[in-house]
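J.: Next come a sequence and a model predicted from it.
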Amino acid sequence: MTLSIALVVLSAAFLHAFWNAVVKGAGDKTVTLSMIALGHCVPAMFAVFLVTPPAAEAIPYMIASIMVHWCYFYLLNVGYSTGDLSLIYPISRGLAPVLVALMAQIFIGERLSVWAWAGILCVSAGILMISRGVWSGGLSRAGVFAACGIGAIVAFYTVVDGVGIRVSGSVSGYIAWLFLAKILIVIFVFGTRFPRVRATPPKVLALGFVGGLVSGLAYALVLYAKSIAPLGIVSALRETSVIFAALLGVIWFGEGPRLRRVLAALVVGAGVAVIGLFGAAA
C-alpha cells in the first residue's frame with residue numbers, strides 16, 4: 001500500500017469518527033440524524049443518473065439494508081443520548097467485525113486462523129476495559145446495550161450489503177440507490193417531528209447535513225482504496241476510526257477516564273486490525 005492510499009484510508013477513518021462526534025454533540029439527535037441521511041440523499045440524486053442501475057436481484061437486499069439502517073439510526077440516537085462517544089463507538093465498531101467473522105465461520109464454514117481468534121480476544125479485552133463499571137453504576141447500561149446493538153446491526157448490514165453488491169452487477173449503482181432510499185428516513189422525521197426541525201438552529205441543521213456529506217465521502221474513500229489496495233490492509237487501517245473516536249471523545253467532550261478510554265480503544269483497534277489482516281485460515 002502506498003503512502004497516498006494509506007492517507008486516503010486514514011482520512012476516511014477520521015471522517016467516520018467525526019460524523020459520529022457530530023451526532024454525539026447534537027442537541028436533538030433525531031433531527032441531526034435525519035440531516036445526515038439527507039446528506040447521503042442529495043449527492044445520490046445526481047449519482048443515480050450517472051451510474052449503471054443495480055440488477056433486480058439486488059432489490060430485496062437494498063430493502064433489507066434500508067430497514068436495518070432505520071434500526072441503526074435509532075440505536076445511534078439512544079447510544080449517544082445515554083453514553084459517551086469514547087464508549088459507544090469503540091464497542092460498536094469493535095464488536096461488528098467480530099460478529100461478521102463468527103457468522104462466517106458458523107454459516108458459511110469459513111475457518112478462522114489462530115491470529116483471527118487472537119484478534120477477537122483482543123477486541124473483547126478492549127471492550128471489557130471500556131465498559132468497566134457498567135454493572136457498578138458508573139456507566140449507562142442503556143448506552144452499552146445500545147452500542148452492542150449497533151455492533152450487531154453493523155455486522156448484519158455488512159453481510160446484507162456484501163451479498164447485495166455482488167448480485168447487483170453495479171457497485172456504484174447499488175450504493176447510489178441505497179443512499180437515495182434514505183430519503184424515507186428524512187420524510188419520516190420531517191413529517192412527524194417538523195416543529196422540532198423548525199426549532200433547530202440553522203447552523204445545527206447545516207452541521208448535520210455536512211456530517212452526512214462527510215459520512216458518504218468516508219464510505220467512497222474506503223471503496224476507492226479497496227479497489228486498488230489489498231482488502232485486508234484497507235479494512236485494518238480503516239479501523240483506526242476507533243482510536244480517532246476515543247481521542248475526539250476525551251478531547252472534544254472531556255470524557256473519561258481519559259487514559260483508560262484511549263488505551264482500550266488502541267486495544268480494540270489492534271484486535272480489529274488483526275481480524276482484518278488474518279480473518280480466515282490460510
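T.: Thanks, I have it.
J.: For the lowest-mean-pLDDT helix or strand in the chain, buried residues please.
T.: One helix or strand of the chain scores below all others by mean pLDDT, DSSP states H and E: helix 231-238, with a mean of 73. Residues of helix 231-238 classed as buried by neighbour count (16 or more other CB atoms under 10 Å): 232, 233, 234, 235, 236, 237, 238. C-betas here are computed from N, CA, C, even on glycine.
J.: State the helix or strand in which residue 156 lies.
T.: Taking DSSP states H and E as the definition, residue 156 sits inside helix 141-168.
J.: and the next helix or strand along the chain from that helix, what's its mean pLDDT?
T.: Next in sequence after helix 141-168, counting helices and strands by DSSP H and E, comes helix 171-181. The pLDDT scores in helix 171-181 average 92.
J.: residues in contact with helix 171-181?
T.: Identification of contacts with helix 171-181 by CB atoms under 8 Å, 6 or more residues apart in numbering yields 40-41, 43-45, 47-48, 51-54, 58, 62, 65-66, 161, 164-165, 168, 216, 219, 223.
J.: Repeat that for stretch 98-107.
T.: Outside stretch 98-107, the residues touching it (CB under 8 Å, 6+ apart) are 110-112, 116, 120, 123-124, 151-152, 155, 158-159, 272, 275, 279-280.
J.: Now which of these would you call buried?
T.: 112, 116, 120, 123-124, 151-152, 155, 158-159, 272, 275, 279.
J.: which residues does residue 243 contact?
T.: Here residue 243 is in contact with 262, 265, 266, 269 (CB under 8 Å, 6+ apart).
J.: So the third one versus residue 74, what's the distance?
T.: It stands for residue 266. 30 Å (CB to CB, to the nearest Å).
J.: Contacts only, for residue 40.
T.: Per CB under 8 Å, 6+ apart, neighbours of residue 40: 179, 182, 212, 215, 216.
J.: Just give the number of residues close to the first one.
T.: The number of residues packed around residue 179, counting by other CB atoms under 10 Å, is 24.
J.: got it, and the last one?
T.: Here the count is done by other CB under 10 Å, and residue 216 has 22 residues near it.
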